[in-house]
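**Student:** Sequence plus the predicted model coming up.
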Amino acid sequence: MRKIVCTLVATTSCLYLFAQNVGIGISNPTYPLTVVAPTGGKGIVQKTSDVEVGFYTTSGQAFLQTWSNHPLYFTTNNGLTQMALTTQGNLGIGTTAPTSMLDVNGQVRIRGGAPGTGKVLTSDANGLATWQSTGVKATNVTLAAGTSFSNATFFPVPLVDDNTGGFSDLSGFNNINNSFEVVASTAGTYLITGQVTWDLVNSFTGEKDFVLELRNGSTTLAVNRMISEYFSTFIGSTQRSQQISCTVKLSAGQQIRLFAMHRTGTGLSQNILSGETLTYLSFLRLY
């Protein structure tokens, strides 16, 4: 094995040939070509006219950059430019003239942040984006089975996440301790719609009250009061549907519950019917 040392006159660097490895600025190169730059960090530089591109290294840092006031282009397979970094710091993908920090000419795919069909990309207060559902569908939060309500007392409607409609965007349903809450997964303005279908199994006479409330904790957001003779929808001889809705700004983690009450007479109970189109609570995040 031969070691050849060539000292270049009037230069401060040496070229070392050790076996098949070549070293510039280093006497024991371990790679086919190893360049150790002097103080200042410049290593290999290619220059054409006034355009320079090369490598720069310092302790803990490495750079591929132009040494002249020109953009840096990237390509593969000896083809056309695929990515460009301008002297203003704008990065273009599919364009050589980006006009913003990131300029993409083409379709973007974001795999992180829990993507899913129908979801939208939503930012938090710090600019961190995640995929969020546009709303909670009625098929996700509905009544598991017919429920009997006694007279003149507000009860939370016992909703469940049955997912029979194939939706999977109800990440905020909470039934701990029978709270029957839907939790806003992210801050925003929501359209909330609830419906209860009464099954009037015990007869009564005269005008009687049926009341729905939407509540955020202990705060009442909306109230709908119907009188028995003026129900908007008649489904069957004893079935009546009643709806309530409101638009409200919610912070992430705030909880919504649907309450119902009837006043049909002392000692009387009335039922609420189950079914995705009969009794439900629906969320829609507007923005």
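**Tutor:** Cool, the structure landed. Residues are numbered from 1 along each chain as shown.
**Student:** my guess is M261 meets A152, correct?
**Tutor:** Yes. With contact defined as Cβ atoms under 8 Å, M261 reaches A152; the gap is 6.9 Å. C-beta coordinates here come from the backbone N, C-alpha and C atoms, glycine included.
**Student:** Please say which of these two ends up with more neighbours.
**Tutor:** Set M261 next to A152 and count neighbours by other Cβ atoms under 10 Å: M261 wins out with 17 against 14.
**Student:** Alpha carbons of the helix or strand that one falls within, as PDB, please.
**Tutor:** Counting by DSSP states H and E, the element that carries M261 is strand 255-263. Extracted C-alpha coordinates of strand 255-263, given in PDB (Å, rounded to 0.1, in the frame of the first residue of the first chain):
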ATOM      1  CA  GLN A 255     -69.900  19.900  26.700                       C
ATOM      2  CA  ILE A 256     -73.400  20.000  25.300                       C
ATOM      3  CA  ARG A 257     -76.400  18.100  26.700                       C
ATOM      4  CA  LEU A 258     -80.000  17.800  25.500                       C
ATOM      5  CA  PHE A 259     -82.700  18.000  28.200                       C
ATOM      6  CA  ALA A 260     -86.400  17.200  27.900                       C
ATOM      7  CA  MET A 261     -89.400  17.700  30.100                       C
ATOM      8  CA  HIS A 262     -93.200  17.300  29.800                       C
ATOM      9  CA  ARG A 263     -96.000  18.600  32.000                       C
END
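**Student:** That one pairs with which strands, parallel or anti?
**Tutor:** Here strand 255-263 has these sheet partners by DSSP bridges: strand 155-156 (antiparallel), strand 181-183 (antiparallel), strand 209-216 (antiparallel).
**Student:** So what's the gap between it and the chain middle?
**Tutor:** 30 Å (Cα atoms, centre = their mean, to the nearest Å).
**Student:** got a list of contacts for that strand?
**Tutor:** Contact partners of strand 255-263, identified using Cβ atoms under 8 Å, 6 or more residues apart in numbering, comprise 149, 151-157, 159, 174, 179-184, 192, 194, 196, 198, 208-217, 221, 244, 250, 270, 272, 281, 283.
**Student:** ok, now stretch 243-252?
**Tutor:** The contact list for stretch 243-252, computed with Cβ under 8 Å, 6+ apart, reads 184-195, 212-214, 216, 221-224, 232, 256, 258, 286.
**Student:** Ok, stretch 66-75 next?
**Tutor:** Identification of contacts with stretch 66-75 by Cβ under 8 Å, 6+ apart yields 42, 45, 50-54, 64-65, 81-87, 96.
**Student:** Let's see which of these end up in strands.
**Tutor:** Using DSSP state E, the subset of these located in strands is K42, V45, V51, E52, V53, G54, L64, Q65, M83, A84, L85.
**Student:** Which one (most neighbours) among these?
**Tutor:** Counting neighbours by other Cβ under 10 Å, A84 comes out on top of the ones in strands among the contacts of stretch 66-75 with 20 neighbours.
**Student:** Surely T76 is in contact with M83?
**Tutor:** No. Using Cβ under 8 Å, T76 is not in contact with M83; the gap is 9.8 Å.
**Student:** can you list the weak-confidence ranges in the stretch 151-287 of the chain?
**Tutor:** For the stretch 151-287 of the chain, applying pLDDT under 70 flags the ranges 161-179, 229-237.
**Student:** can you give me the strands for it?
**Tutor:** Listed in chain order, the strands of the stretch 151-287 of the chain (DSSP state E, counting those that start in this stretch) span 155-156, 159-161, 173-174, 181-183, 188-199, 209-216, 219-227, 233-234, 239-250, 255-263, 269-272, 280-285.
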